[in-house]
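Asker: quick one, what's the 3D model for this:
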Amino acid sequence: MGLGLNKRFSSLFEGLKKHEIGRHVNVNTSNLHRTLFTSWNLLRGMFPGVPLYFNFYSDRQEVDLDKIEAEMNKAGSRTMGIAINVESEGKSDELMHQIKTAGEKANKFKKKNVHKCKLYKELENDPACIALLKKLWEMTGEECYDPSLPVLKRIAKIKKVANQMTIAKVHGMPVLPNVKGIVLTAADEALILKCAKAYWKYMYRPAKSDLVDDGIGRDGCGHLAGEIARHLQNGIDGKTPLRFVEFSAHDTTVLAMASLLGVDIEHPAFTGYWCFELHRPLKAGGQFKVAVSYNPHPTRDGIAVSSRQLPLDGKYQDWEALPIGTVDAAELIKYMGNQGAMESAALLKVITQLAEAVKSGDKTWADVLSMASDDNDATCKKYREAFDFYDGDSSGKICVEELGMVFKRLGLDSIHPSVVKELITFFDSNNADGTKDGQLDFTEFKAMMTIVKKNCKSSKETKVAAAASTAAPAVGNATKAPDS
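Answerer: Sure thing, here's the model as predicted:
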């Protein structure tokens, strides 16, 4: 797939030397081996000969890798290469595993929604399905197939066998080998896939409704969608050197993206992916467009897939039935954007200007604090979403290292750690004993956001695009491809 993408996007990197490519590529992956290897191998095919390295979360907190890269560049064409940024441990990974941090409503949906689908109701009393469940219990001995469990609950677990079956066949291995010598028939395998496809379809999409808001797609990948929207907006504004961004996640995240976008898709096979290509206006005064494509099976179909016109109307539609075409970039960004994260990202950039103003004597921290104001419930909810995203270890507080990571994610690599520490020290409220803990809880983070927002509104020199709506066309070209 990397070789195919190399041909498709070669024009984006024309004229660049190998040691320069890393500056224009951003790669993010979950910390599980299969996504690590997927991201690594895709880059090997797309950028042959360019060094690659894993950049773990702890390394990004403690080591200024950008400074190291700059020093290597001074020595000629030496380079560390393309960094593959590895997210934190799965349970606290808000970018690639957001569903694991979801609330009670989403967790209830995950457990019960698929049981409501028409197929499962039909299979609940189907003799062939009951016989298959019994066979799976005898073959595997796994508790999830225990005959004492409800039939619907056992049917929902058949998707585990579908995954194992697919992997075994790809590698030429026997399917579910067992000491009893029981084998699956062709009819068994067909029923397994049928059950699994229904499960995958209704993981994030409601079984009894066609309304996107009734699903949990945003609970599964809202932060990831917001990051893609932010990259697209930066490309429109011409504020980024990036030309290619990759997110190496899992098939469940790909399915969550489909639910968020309001489309029913074929389940992703090996390296299935979504691709978001940003295109400049064809004429002066025109609008940026995004070509959104979905490729469920690159090893079968190659990468020559067509982009579709997303309706973004809040109702689920079949992906294959959508007309070929593009979507207005501003409309897609507004739809996908995590409003709290995008607004806070813009505001966080202004913080550096405030810090510099204080440092130069043009302002005092007391002047900044006087700009504080109360925000309404809707605004607080947006900041809550952003806070949860930035809270890398889900501790309920943002430390110096985490805020520093936020700045780096936003491309503000020049901010010195001492400035980040000073910001946290200032906004960190006193505890009951009069001490400060050197971290920001949500109340303190919200205060920081509202103060900066008020400063933005009162400044004639600073204009902040709060949430991505529209932007003046600028020279910019970037490709965003979150890959399974």
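Asker: where does the stretch 1-150 of the chain dip in pLDDT?
Answerer: Within the stretch 1-150 of the chain, the stretches with pLDDT under 70 are 57-79, 89-92.
Asker: name the next helix or strand following the helix or strand hosting residue 20 along the chain.
Answerer: Using DSSP states H and E, residue 20 sits in helix 18-21. Using DSSP H and E, the next helix or strand after helix 18-21 towards the C-terminus is strand 25-29.
Asker: now for the nearest residue to residue 306 once chain neighbours are set aside, how many residues are close by?
Answerer: Leaving aside its sequence neighbours, residue 306 sits nearest to residue 324 (Cβ to Cβ, 6 or more residues apart in numbering; 4.7 Å). From N, CA and C alone the C-beta is placed, and that goes for glycine too. Residue 324 sits with 10 neighbouring residues when counted by other Cβ atoms under 10 Å.
Asker: residue 324 pairs with what?
Answerer: residue 308 (DSSP bridges).
Asker: that one reaches residue 305, doesn't it?
Answerer: No: counting by Cβ atoms under 8 Å, residue 324 does not reach residue 305; the two are 10.2 Å apart.
Asker: and the residue nearest the centre of the chain, how far is that from residue 138?
Answerer: Centrality entry for the chain: nearest residue to the mean C-alpha point is residue 224, 2.3 Å, by Cα atoms, centre = their mean. The gap separating residue 224 from residue 138 is 40 Å, by Cβ to Cβ, to the nearest Å.
Asker: give me the domain ranges for the protein.
Answerer: Domain segmentation of the chain under automatic domain parsing yields 2-99+215-336+479-483, 118-201, 339-458.
Asker: mind listing what residue 35 touches?
Answerer: Counting by Cβ atoms under 8 Å, 6 or more residues apart in numbering, residue 35 touches 29, 96, 248, 249, 250.
Asker: burial measure for residue 446, as a count.
Answerer: For residue 446, the neighbour count with other Cβ under 10 Å is 22.
Asker: not counting residues beside it along the chain, what's closest to it?
Answerer: Nearest one to residue 446, counting by Cβ to Cβ, 6+ apart, is residue 383 at 5.1 Å.
Asker: shaky segments in the stretch 251-400 of the chain?
Answerer: Along the stretch 251-400 of the chain, the parts satisfying pLDDT under 70 run over 338-356, 365-376, 378-379.
Asker: can you give me the helices for it?
Answerer: With DSSP state H, counting those that start in this stretch as the criterion, the stretch 251-400 of the chain has helices at 251-261, 298-301, 329-336, 339-360, 365-369, 377-390, 400-409.
Asker: contacting residues around the second one?
Answerer: When contacts are taken as Cβ under 8 Å, 6+ apart, the neighbours of helix 298-301 outside the stretch itself are 1, 4, 269, 270, 271, 272, 273, 295.
Asker: what about the closest residue to the fourth one other than its chain neighbours, neighbour count?
Answerer: Read that as residue 270. Nearest residue to residue 270, sequence neighbours excluded (Cβ to Cβ, 6+ apart): residue 299, at 5.8 Å. As a burial measure, residue 299 scores 11 neighbours (other Cβ under 10 Å).
Asker: next one: residue 299 from residue 276, what distance?
Answerer: Distance from residue 299 to residue 276, counting by Cβ to Cβ: 21 Å.
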